[in-house]
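*Asks:* structure for the following, please:
(chains A, B, C and D)
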There are 2 protein chains.
Amino acid sequence: MQSTDNVPFTKEKTMSLPVLEAPVVPIRFAPQQALDVMAPVAPMKALCSNCHLRELCLPRGMAGSDVARLDSLMFARRRVRSAQALYHEGERFQFVYAVRSGTFKSSLTLADGREQVSSFHIAGELMGLDGVAQGNHASSATALEDAEVCAIPYAHLTELAAGSSGTQHLVSRLMSREIVREQSLMMLLGSMNAEERLAAFLLNLSQRLKARGYSASEFHLRMTRAEIGSYLGMTLETVSRTFSAFQQQRLLEVDKRHIRIIDPDALARAFEVRVH
Amino acid sequence: MQSTDNVPFTKEKTMSLPVLEAPVVPIRFAPQQALDVMAPVAPMKALCSNCHLRELCLPRGMAGSDVARLDSLMFARRRVRSAQALYHEGERFQFVYAVRSGTFKSSLTLADGREQVSSFHIAGELMGLDGVAQGNHASSATALEDAEVCAIPYAHLTELAAGSSGTQHLVSRLMSREIVREQSLMMLLGSMNAEERLAAFLLNLSQRLKARGYSASEFHLRMTRAEIGSYLGMTLETVSRTFSAFQQQRLLEVDKRHIRIIDPDALARAFEVRVH
DNA sequence: CGCATCGTTGAGTGAGCTCAATGCATGTGG
DNA sequence: CCACATGCATTGAGCTCACTCAACGATGCG
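*Replies:* Numbers count the residues shown, from 1 in each chain, chains lettered A, B, ... in the order given. I've put the predicted structure just below:
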């Protein structure tokens, strides 16, 4: 495993060590590598104002003047390889990350070593806000495919918020949204059966993909059955069986990780009814 | 038994409403009512700086100057009767509430009308932060016994935060803490069995009570078996049976809602081990 | 007193777990 | 290029934990 260089580093990068990023090299496969070499990985800063994700991501609903301020922070971009961790549970919290491309999972390690997945993140979504509480990340974030993020120095964000009530509210709202999101997941875990859980998961993912311009009815799962199961509180076998059941009911077409939703309404009914 | 009064109450006694506390009596019925009528429910403002909960509540870890600023806001205090709602799911979000005394549950109503409890709150804990996201409360808060809260106008809090990075960080940290708390609950719901869940619940409650100066080993539950079950993702019958099982294993003594933890270590092992 | 709420306990059942075998795809080393 | 190992997904068989349904006692309230 030469996961050598990668992860556990980088947080410094603000401005100091662009060097570190240059020879991003290996990690797993060839194809992306080639691209990597070509890319001018030097500074690699991103501007929110002309980012294609601006309507979904951090600047969502911000006034133009506030977005301009965000721009002034020039968030560093960072590549993350499939299976590579962006940050680890317990690591010092410095950055909040916005997903530019790719998919991540957030997870905790239980006392017995098993992994508990607490969320999946796709483009335009934020990760790391759970680190604010303790100053350390409460969970790890791992890329499920090659990905790219904006690293947002939390200290800069709060500085900016101090001078702009718009930004301040935004940060608060983002955190609150996270609380609400987790509440609904708790509801799911506390009171739904396997079919309802998987249906809820698929429809949620479908909507998020749709909001990003992808097909709501056909997509490729980035996560394994075990990861889905961990997230939904069931075993990978039950996930697999439930996929098969949905296919037999003609709600889905499933081919490994490729999913086509045939009957979204029936799928929605699967957990909306919830009577008995 | 009649372990009636004991533990769970009393915290108030500071200076404010000795009235309320004098006849520490029961908890549910008539007597308290009478008191209410007598109480001058008019202004009833509270100062954080000399609140006996200041080390646990909002001002926790704040600089003295910031606490002084909090004082200037003079939060209104509000009484809430047992079974009465402090706010309802969907209601416009204006206040964050700090529990002064008593116990609350936060809950959501599911599509089929059943209730899902998402948390319990005791003295010094904050409620309502989930309303920031949408501007409406995402859950309802209901008193499980006669209680008193400080109503903290969220708008004032953010104003104050705008001028004080200490306050700003505090609010952020509080919200983040909520995120972390819910993550661990998700872990619980996603990967623990009935005994582990109940053990985790009891130990958590025990610690929170201890932090407030109450006995960690003996306390009175304010919630029904059904509410515990909803919170922990199991039926009330299973909660009841699990209590009985713990009693047979000599980990607890249970008399209805009165709990005595006999063997906290064994109880902790019940879910810390978690190795299959 | 009668009704409602709460808690306990029993009996039976079933959803989802564990364990296990198999297939497929991909990567690796001889 | 083949042999083999590894990771992921599917499916079956059997079991068990927690659920449902039900009866019952205790407590408190109108």
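*Asks:* low-confidence ranges in the stretch 151-276 of chain A?
*Replies:* A:272-276 (pLDDT under 70).
*Asks:* in it, which spans are strands?
*Replies:* Along the stretch 151-276 of chain A, the stretches classed as strands by DSSP state E, counting those that start in this stretch are A:218-220, A:252-255, A:258-261.
*Asks:* pull out the buried positions in the first one.
*Replies:* By neighbour count, and taking 16 or more other CB atoms under 10 Å in any protein chain shown as the criterion, the buried residues in strand A:218-220 are A:Phe219. In short, each C-beta sits where N, CA and C put it, glycine included.
*Asks:* quick one: contacts of it?
*Replies:* A:205-206, A:209, A:257-261 (CB atoms under 8 Å, 6 or more residues apart in numbering or on different chains).
*Asks:* ok, and which of those reach DNA strand D?
*Replies:* Restricting the contacts of strand A:218-220 to those touching DNA strand D (CB under 7 Å from any atom of the strand) yields A:Arg257.
*Asks:* quickly list the domain ranges of chain A.
*Replies:* A:11-184, A:192-272 (automatic domain parsing).
*Asks:* just give the closest residue to the spatially most central residue of chain A, not the sequence neighbours.
*Replies:* In chain A, the residue lying closest to the centroid (CA atoms, centre = their mean) is A:His121, at 1.7 Å. When the adjacent residues along the chain are set aside, A:His121 lies closest to A:Phe104, with 4.4 Å between them (CB to CB, 6 or more residues apart in numbering or on different chains).
*Asks:* show me the helices in the stretch 151-276 of chain A, by range?
*Replies:* Secondary structure of the stretch 151-276 of chain A, counting by DSSP state H, counting those that start in this stretch: helices at A:154-163, A:165-191, A:194-211, A:225-232, A:236-248, A:264-272.
*Asks:* give me the buried positions along the fourth one.
*Replies:* By 16+ other CB under 10 Å, the buried positions in helix A:225-232 come out as A:225, A:227-232.
*Asks:* pick the one among these closest to B:Leu251.
*Replies:* Nearest to B:Leu251, judged by CB to CB, of these is A:Ser230 at 28.8 Å.
*Asks:* what sits against the residue nearest to that closest one when sequence neighbours are not counted?
*Replies:* With CB to CB, 6+ apart as the criterion, A:Ser230 has its nearest non-adjacent residue at 4.2 Å, and that residue is A:Val117. Contact partners of A:Val117, counting by CB under 8 Å, 6+ apart, are A:105-107, A:223, A:227, A:230-231.
*Asks:* now the residues you listed in a markdown table, with distance to DNA strand D?
*Replies:* Formatted as a markdown table, the contacts of A:Val117 follow (distance: CB to the nearest atom of the strand, whole Å):
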| residue | distance to DNA strand D |
| --- | --- |
| A:Lys105 | 12 |
| A:Ser106 | 17 |
| A:Ser107 | 14 |
| A:Met223 | 7 |
| A:Glu227 | 7 |
| A:Ser230 | 11 |
| A:Tyr231 | 13 |
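*Asks:* which among those residues gets closest to B:Ala133?
*Replies:* A:Ser106 (18.6 Å).
*Asks:* remind me which helix or strand that closest one belongs to.
*Replies:* Using DSSP states H and E, A:Ser106 falls within strand A:104-109.
*Asks:* circling back to that earlier point, out of the contacts of strand A:218-220, who's nearest A:Leu251?
*Replies:* Among the contacts of strand A:218-220, and counting by CB to CB, the member closest to A:Leu251 is A:Ile261, at 7.3 Å.
*Asks:* which residues of the stretch 101-250 of chain A lie near DNA strand D?
*Replies:* The stretch 101-250 of chain A has residues A:221, A:224-226, A:236-237, A:239-241, A:243-244 near DNA strand D, with proximity defined as CB under 7 Å from any atom of the strand.
*Asks:* given the helix or strand following the strand holding A:Ser106, what are its sheet partners and their directions?
*Replies:* Following strand A:104-109 in sequence order, the next helix or strand is strand A:115-121 (DSSP H and E). Sheet pairing of strand A:115-121 (DSSP bridges) gives strand A:104-109 (antiparallel).
*Asks:* now the strand it pairs with - C-alpha only, CSV.
*Replies:* Only the C-alpha atoms of strand A:104-109 are listed here, as CSV (Å, rounded to 0.1, in the frame of the first residue of the first chain):
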residue,chain,number,x,y,z
PHE,A,104,-17.9,10.2,-0.4
LYS,A,105,-19.0,8.3,2.6
SER,A,106,-18.8,9.5,6.1
SER,A,107,-18.2,6.8,8.7
LEU,A,108,-17.3,6.0,12.2
THR,A,109,-15.5,3.0,13.6
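*Asks:* wait, A:Ile259 sits on A:Gln247?
*Replies:* No. If you go by CB atoms under 8 Å, A:Ile259 and A:Gln247 don't touch, sitting 9.9 Å apart.
*Asks:* neighbour count winner among these two?
*Replies:* Neighbours per residue (other CB atoms under 10 Å in any protein chain shown) separate A:Ile259 from A:Gln247, with A:Ile259 holding more: 20 against 16.
*Asks:* give me the residue from the stretch 51-200 of chain A nearest DNA strand D.
*Replies:* Nearest residue of the stretch 51-200 of chain A to DNA strand D: A:Ala83, at 8.2 Å (CB to the nearest atom of the strand).
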